[in-house]
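>>> Next one to model:
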Amino acid sequence: NGTGPYKVASWAKDEEVVIEANPDYFGNKAQVGAIHYLVIPESSSRIIALENGEVDMIHKVPSEEVARLETLEGITVLKQPGVGQRLFRFGCNDEIMSNTKVRQALNYAVDRDAIRKALFADVSEETTGPLAPAVFGSHDYGPIKQDLEKAKALLAEAGYENGVGFPETTYLYNTDDKHQAVAEALQSMWKNVLGVEVTLNNQDWNVFLETRSKGDYSICRNGWIADYNDPVSFLDMFMTDNGNNDAHYSNAEYDAIMTKVLSDSDAAGRMELMHQAEDLLVGEDQAIAPLYYYSQPYMVADDVHGMY
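Now for the predicted structure:
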């Protein structure tokens, strides 16, 4: 039944979970007798339910609806900083993407501000590093800005001036309208800035996960939300033998640093080591390219108090 202030009262698969106050809880007693979690898959249906007073709170609100909902009486919009980030990964085992200068060129060609403001203005924050500010120990490296001249110079140094001779390259993403919009924006930027042709490949979620895990891609969409509030939740996955290392990134220096982090009990020391790891992953090697941080908008009826 649980050991916290609430216990499970009922569960109807794909419909509803009900929790109720646990009278045996040793700490402060629950202030609400019961809470009903309704499963409403469609975002439009969740919004209608809130507007009609059928529910008191919803989350996963489409970015295009946030501004309208903020104008409605009786509803409060709460925007909570997230601990996740949208990014794209390079397949470091790919013949062309194994070239660091190619990865850097593609990264600097991206206008993150344009993508974020056009598609996710109300549900995102500008990226300033591999870790969202809400993550303990995150470091502000400053905004990652588009640099056209640097991007062109790096691609030329890699042997593909103005995109001439650049091999066939594919951007992989899972089927979703917003993912497609991001993919098309990246495709356009790489073409216009570098003269590089990138083909888009969308797959259903399960197929996408398998393809990405195998490393059968050049560039792919990715996102990550910290499992716990520590940089290790994000950084250890890029160690060579980590099961989540879908980028197939491998750097002996990075592995050595993270191995020390995982065995170091000194808080200040391990944070300094993790900053060194970030410098390698995102600064020098650019195995990944952060796009923006998630923020989590919640819509709450005004008669619900104490939410934060």
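>>> Do you have the helices of the stretch 1-150 of the chain handy? List them.
Secondary structure of the stretch 1-150 of the chain (DSSP state H, counting those that start in this stretch): helices at 43-51, 63-69, 100-108, 112-119, 148-157.
>>> Okay, buried residues for the worst-scoring helix or strand of the chain on mean pLDDT please.
Scoring the helices and strands of the chain by mean pLDDT, DSSP states H and E places helix 63-69 at the bottom, with a mean of 84. Neighbour-count burial for helix 63-69, counted by 16 or more other C-beta atoms under 10 Å, picks out 65-66, 69. C-betas here are computed from N, CA, C, even on glycine.
>>> do the same with stretch 225-236
Residues of stretch 225-236 classed as buried: 226, 230-236 (neighbour count, 16+ other C-beta under 10 Å).
>>> same question, stretch 209-222
Neighbour-count burial for stretch 209-222 [16+ other C-beta under 10 Å]: 211-212, 215, 217-222.
>>> which other residues reach it?
The contact list for stretch 209-222 (C-beta atoms under 8 Å, 6 or more residues apart in numbering) reads 86-91, 93-94, 96-97, 106, 169-174, 179, 182-183, 198, 201, 203, 246-248, 288.
>>> Let's see the distance spanning that stretch from one end to the other.
10 Å (C-alpha to C-alpha, to the nearest Å).
>>> Send me stretch 264-278 as PDB with only the CA atoms.
C-alpha atoms of stretch 264-278 as PDB (Å, rounded to 0.1, in the frame of the first residue of the first chain):
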ATOM      1  CA  ASP A 264      35.500  10.200  -6.000                       C
ATOM      2  CA  SER A 265      33.700  11.000  -2.700                       C
ATOM      3  CA  ASP A 266      34.900  14.600  -2.700                       C
ATOM      4  CA  ALA A 267      32.000  16.800  -3.900                       C
ATOM      5  CA  ALA A 268      34.100  19.700  -5.100                       C
ATOM      6  CA  GLY A 269      36.700  17.400  -6.700                       C
ATOM      7  CA  ARG A 270      34.200  15.400  -8.700                       C
ATOM      8  CA  MET A 271      32.400  18.500 -10.000                       C
ATOM      9  CA  GLU A 272      35.700  19.900 -11.300                       C
ATOM     10  CA  LEU A 273      36.300  16.600 -13.000                       C
ATOM     11  CA  MET A 274      32.900  16.600 -14.600                       C
ATOM     12  CA  HIS A 275      33.400  20.100 -16.000                       C
ATOM     13  CA  GLN A 276      36.600  18.700 -17.600                       C
ATOM     14  CA  ALA A 277      34.500  15.800 -19.100                       C
ATOM     15  CA  GLU A 278      31.900  18.400 -20.400                       C
END
